[in-house]
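S.K.: mind folding the following:
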Amino acid sequence: MDESLLHKLEELEGHFATTIEEMSDPAVLSDQDRYRDVSIRHAELRPVIEAFRAYQQASSEMEEAVEMAAGEQDAEMREYLEGVATEQRSQLEPLETSLRVMLVPKDPDDDKDVIVEIRAAVGGDEAALWGADLYRMYERFAERHGWKSEPINTSITGGGGLKDATFSVKGKGAFSRLKFEAGPHRVQRVPKTESQGRIHTSIATVAVLPEVKDVEIEIHENDITVDTFRSTGPGGQSVNTTDSAVRITHIPTGVVVTCQDEKSQLQNKIKAMRVLRARLYQQQLAEQQGEQASARRSQVGSGERSEKIRTYNFKENRVTDHRVGLTLHSLPEILDGGLDEFHDALIAHAAAESLGAPEA
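M.R.: Alright, predicted model coming up:
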């Protein structure tokens, strides 16, 4: 463990000891607000300190075993002590990785529900089919985590692909994981319609927005226009006889949101407003950070084939995440929602970057 990380953890250990003292201080006990603040800080620090102490214990036992093995004359006992040292050493790396992740400042949006937008980019019908595959992948990923996914707006192509789709995922920590899916996703495979067996490369883009409440983003009625039209989305046979689809335009920013998946005009408007708030929130964050373009626009890129965060190669059963250089040869499992190994690597990478230290 490098000195800067060790120093930071020792500082936190001192803060943790202070919270214990304050929680037994009569002056703190008599002040409910102060006691609550100290208790929250104590609870936040506890898992970090417990992991740090486990690291210290493993490190101490490893060093002791190495020292004893160096002076041991009995071959059998020396072999045993070397085994103990190896076992303790194997615990240090995952503990250090865990500590680095814990020390990364928490994203205030991590616990929020999310709104995901998928769009077919380069590749025509094959890109639309790929967009539909990504949609199913995220539905399965949500199921694995016990989260609930809900369609908001979908535009289906004649061949069963998705020109674009917007859906929500509700569940604690949804944004903390799904935010790593934002960007261009490249697929390399032989399309079903390809008679020569040639591999095609297509792109679908994904944007991931934290869902926000009314109190976080206030939208005035005189700042929006609401247009209605006949739905052409799923269930169209039963709803396209009425103007149930809704298009909302936010006049100050020009942001346009469409929703047509519900049979009720009111339900479509409610869903469209949720997406509008999420997009405006992202725009507001981008402005606060001094960026020229919205975070959503930077997420999806231009959709060119050369841009990608991840490549899915069907012939080689290979998926590569280009941000961390991780390749897994388990494409069916990943398309069935098995994204956690990628996310764990990305979280560790973000932790190392945040702390300015090499990844464990």
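
S.K.: what segments of this structure are strands?
M.R.: Counting by DSSP state E, the chain has these strands, from start to end: 114-120, 148-156, 162-170, 183-189, 200-210, 224-229, 245-250, 255-259, 310-313, 318-321, 326-328.

S.K.: redo those as TSV? Include mean neighbour count.
M.R.: Just so you know, the C-beta spots here come from the backbone N, C-alpha and C atoms, and that holds for glycine as well. Output for the strands of the chain, formatted as TSV (neighbours: other CB atoms under 10 Å):
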stretch	mean neighbour count
strand 114-120	25
strand 148-156	18
strand 162-170	21
strand 183-189	22
strand 200-210	24
strand 224-229	14
strand 245-250	20
strand 255-259	21
strand 310-313	20
strand 318-321	20
strand 326-328	15
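
S.K.: dump those to JSON lines, plus mean pLDDT and distance to Glu3.
M.R.: Below are these laid out as JSON lines (pLDDT from 0 to 100; distance: least, CB to CB, whole Å):
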{"stretch": "strand 114-120", "mean pLDDT": "94", "distance to Glu3": "38"}
{"stretch": "strand 148-156", "mean pLDDT": "90", "distance to Glu3": "45"}
{"stretch": "strand 162-170", "mean pLDDT": "93", "distance to Glu3": "41"}
{"stretch": "strand 183-189", "mean pLDDT": "95", "distance to Glu3": "35"}
{"stretch": "strand 200-210", "mean pLDDT": "93", "distance to Glu3": "36"}
{"stretch": "strand 224-229", "mean pLDDT": "89", "distance to Glu3": "55"}
{"stretch": "strand 245-250", "mean pLDDT": "91", "distance to Glu3": "50"}
{"stretch": "strand 255-259", "mean pLDDT": "91", "distance to Glu3": "48"}
{"stretch": "strand 310-313", "mean pLDDT": "96", "distance to Glu3": "35"}
{"stretch": "strand 318-321", "mean pLDDT": "96", "distance to Glu3": "31"}
{"stretch": "strand 326-328", "mean pLDDT": "96", "distance to Glu3": "29"}
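
S.K.: looking at the ones you listed, which is nearest to Ala69?
M.R.: Nearest to Ala69, of all these, is strand 326-328, at 35.6 Å by CB to CB.

S.K.: tell me the strands beside that closest one, with direction?
M.R.: Applying DSSP bridges, strand 326-328 is found paired with strand 318-321 (antiparallel).

S.K.: tell me which of the strands of the chain approaches Ala352 most closely.
M.R.: Nearest of the strands of the chain (CB to CB): strand 326-328, 13.9 Å.

S.K.: Val28 is in contact with Glu21, isn't it?
M.R.: No - Val28 is not in contact with Glu21 according to CB atoms under 8 Å; the separation is 9.1 Å.

S.K.: for the lengthiest helix in the chain, buried residues please.
M.R.: Criterion DSSP state H: the longest helix present in the chain is helix 32-70. Residues of helix 32-70 classed as buried: 35, 38, 41-42, 45, 48-49, 51-52, 55, 58-59, 61-62, 65-66, 68-69 (neighbour count, 16 or more other CB atoms under 10 Å).

S.K.: leaving out the residues flanking it, which one is nearest to Ala245?
M.R.: Gln260 (3.5 Å; CB to CB, 6 or more residues apart in numbering).

S.K.: what's the burial count for that neighbour?
M.R.: Residues near Gln260, counting by other CB atoms under 10 Å, number 28.

S.K.: distance of it from Asn268?
M.R.: Taking CB to CB, to the nearest Å as the measure, Gln260 and Asn268 are separated by 6 Å.

S.K.: now the common contact residues for these two.
M.R.: Common neighbours of Gln260 and Asn268 are listed as 244-246 (criterion: CB atoms under 8 Å, 6 or more residues apart in numbering).

S.K.: of these, just say which sits nearest to Val122.
M.R.: Checking those one by one against Val122 (CB to CB), the nearest turns out to be Ala245, at 27.5 Å.

S.K.: ok, that closest one - contacts?
M.R.: Contacts of Ala245 by CB under 8 Å, 6+ apart are 228-233, 258-260, 265, 268.

S.K.: kindly provide the distance from it to Lys163.
M.R.: Applying CB to CB to Ala245 and Lys163 gives a distance of 15 Å.

S.K.: go on, Glu76?
M.R.: Counting by CB to CB, the gap from Glu76 to Lys163 is 70 Å.

S.K.: what ranges do the helices span in the stretch 251-360 of the chain?
M.R.: Assigned by DSSP state H, counting those that start in this stretch, the helices in the stretch 251-360 of the chain fall at 265-288, 295-300, 331-335, 340-355.

S.K.: where in the stretch 51-200 of the chain is pLDDT low?
M.R.: 193, 195 (pLDDT under 70).

S.K.: and the longest helix of the chain, how far from the chain's centre?
M.R.: 28 Å (CA atoms, centre = their mean, to the nearest Å).

S.K.: which other helices and strands contact that helix?
M.R.: For helix 32-70, the packing partners by 3 or more CB pairs under 8 Å, 6 or more residues apart in numbering; DSSP states H and E come out as helix 3-23, helix 26-29, helix 75-103.

S.K.: out of these, which is the most enclosed?
M.R.: Counting by mean count of other CB atoms under 10 Å, helix 75-103 has the highest mean neighbour count of those, with a mean of 16.

S.K.: how much does that helix deviate in direction from helix 3-23?
M.R.: 70 degrees (axes from the mean of the first three to the mean of the last three CA atoms, to 10 degrees).

S.K.: for helix 75-103, the distance to its chain's centre please.
M.R.: That offset, for helix 75-103, works out to 30 Å (CA atoms, centre = their mean).
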